[in-house]
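Engineer: give me a model of this one.
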Amino acid sequence: MPLAIGGLLGRFTERTASETLGFGVGVALAEALRPEATALGQEAWRAAPTKVVDAELAAAIVAEAVEMLPWGENEAAGEGIDGERFLAMVGEALNAPAVGELLRMRRRGTINPAAFAHGLRKAKLEERWDEALAELQNDRLDPAVIATAVQRGLLPNEGILPVGPPSAVCRVEPMPAVELDPFAEAAAAGINADRLKVLARIVGLPPAHGELAQLLNRGAILEADYFRGIAEGNTRNEWAEVLLALRRRILTPHEYVEGRLRGWIDDQAMHAGAALSGMEEADADLLAKITGRPISFRQVFIGLTRLPGRSATATRPPSCCAASQPRASSQRPSPRRSCSFRAGSPGSPRRSRPAGPARPKAQAKPRRKRSSQTTTKAAGSPRPNTERRSTCSTTEGTLRTCSSTWATPAA
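Structural biologist: Residues are numbered from 1 along each chain as shown. The predicted structure follows:
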């Protein structure tokens, strides 16, 4: 028995070795003869080019050039595919726009629902998704727009803002609200109710820090309200304490200069006050020079007459007159100013015209004498049957003379 098995294995081994050797030799010879065999095959196909195009490739070609449909059907027939089956292959090769483009075309009304559904079929989507995809053509509001609309009263404020827009009747008609559910609109963008409240409550700004300071000065708000207003605005919180100093109003440089001119403050205080508004000392001094003015001529004259030891009835002309004091040779006398005043009058002098040739006096016109006569009956007169007559006359417009006589009235 062992001898029989050993003989069988020996024969199997010899056969396997010979077949393996033959396969290896055949493969080596095939690779060596392949170029020659390929050339022979190509020559045969050139002599008889009857091989047809693959049906799938023919369908793709027809999908790009529909006018080649007869050619594609003929090529498919070479592989045993009839015209109906080839048309199905061409339909599968045709493409449609993407779903996003289909939605935009549906919004613009350039395709109908049937074409939209056909495009979904070309995208290899099941019919169960048609209704949900068609609803996407109606876009939802952006969450930021929803928050702004709630703040302005255009959408219902259903517990979103603690202080909503005013609801009282106004003189100006408000913009009518839109009955949309803000929570549903925000949920379409993935924003829940709490996040919508956050977005709505950061819309808008408090008054500026200058207005907050004015409200604080007037007692309309507290200091805590001022700091909260800064925190709710766009100003960083670390600047709140410094900005609070702006609530104090300072005087203007002109007011500081007026205080200096009136003697209430000195130069140092004037310069310090003007510096609060950014004005330098030189500018403050210049402002003081152009703001102040000397006393009037009348005030100078009255002051001179009131000096101790000076008589109020002095007849000496004031020093401003050209005739009062001789001028230095370097000074040019003013030809247009001269002064005169009445002796013994402490008031201001009268200005006279510049000296020139004397004008002849115009002769006074004689005034016409006017007279009037008044007759008064004397009741209970000591002279019976008499009446009193008064006669008045005016001469030269200033003298009025009156006389009375008793006379018997005419019959």
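Engineer: quick one, what contacts residue 265?
Structural biologist: Residue 265 makes contact with 256, 259, 273 under the criterion C-beta atoms under 8 Å, 6 or more residues apart in numbering. In short, each C-beta sits where N, CA and C put it, glycine included.
Engineer: among these, which lie within strands?
Structural biologist: Judged by DSSP state E, strands contain none of the contacts of residue 265.
Engineer: scan those and report the most crowded one.
Structural biologist: Highest neighbour count within these: residue 256, with 26 neighbours (other C-beta atoms under 10 Å).
Engineer: the closest residue to it other than its chain neighbours and residue 242, how far apart?
Structural biologist: Spatial nearest neighbour of residue 256, excluding adjacent residues (C-beta to C-beta, 6 or more residues apart in numbering): residue 273 at 3.7 Å. Separation of residue 273 from residue 242 (C-beta to C-beta, to the nearest Å): 21 Å.
Engineer: how about the secondary structure of residue 159?
Structural biologist: Assigned by DSSP: H, G, I helix; E, B strand; the rest coil, the conformation of residue 159 is coil.
Engineer: can you give me the neighbour number for it?
Structural biologist: Neighbours of residue 159 under the rule other C-beta under 10 Å: 10.
Engineer: what's the answer for residue 241, then?
Structural biologist: By other C-beta under 10 Å, the residues close to residue 241 number 10.
Engineer: can we start the residue count at 90 from this point?
Structural biologist: Done: numbering now begins at 90, and the last item shifts to residue 330.
Engineer: and it, what does it touch?
Structural biologist: Contacts here follow C-beta under 8 Å, 6+ apart; on that basis residue 330 touches nothing.
Engineer: check residue 209 too.
Structural biologist: Per C-beta under 8 Å, 6+ apart, neighbours of residue 209: 188, 191, 216, 218, 219, 222.
Engineer: need phi/psi at the first one.
Structural biologist: Backbone geometry at residue 188, expressed as degrees, to the nearest 10, gives phi -60, psi -40.
Engineer: quick one: the closest residue to it other than its chain neighbours from residue 288, how far?
Structural biologist: Leaving out its chain neighbours, the residue that sits closest to residue 188 by C-beta to C-beta, 6+ apart is residue 212, at 5.9 Å. Separation of residue 212 from residue 288 (C-beta to C-beta) stands at 35 Å.
Engineer: tell me which of those two has more neighbours.
Structural biologist: Set residue 212 next to residue 288 and count neighbours by other C-beta under 10 Å: residue 288 wins out with 20 against 15.
Engineer: so for the helix or strand hosting residue 193, what gets flagged as buried?
Structural biologist: Residue 193 is located in helix 188-197, with elements delineated by DSSP states H and E. Residues of helix 188-197 classed as buried by neighbour count (16 or more other C-beta atoms under 10 Å): 191, 192, 194, 195.
Engineer: and those residues as CSV, adding distance to residue 151 and pLDDT?
Structural biologist: Shown next, in CSV, are these (distance: C-beta to C-beta, whole Å; pLDDT from 0 to 100):
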residue, distance to residue 151, pLDDT
191, 24, 94
192, 29, 94
194, 26, 94
195, 29, 93
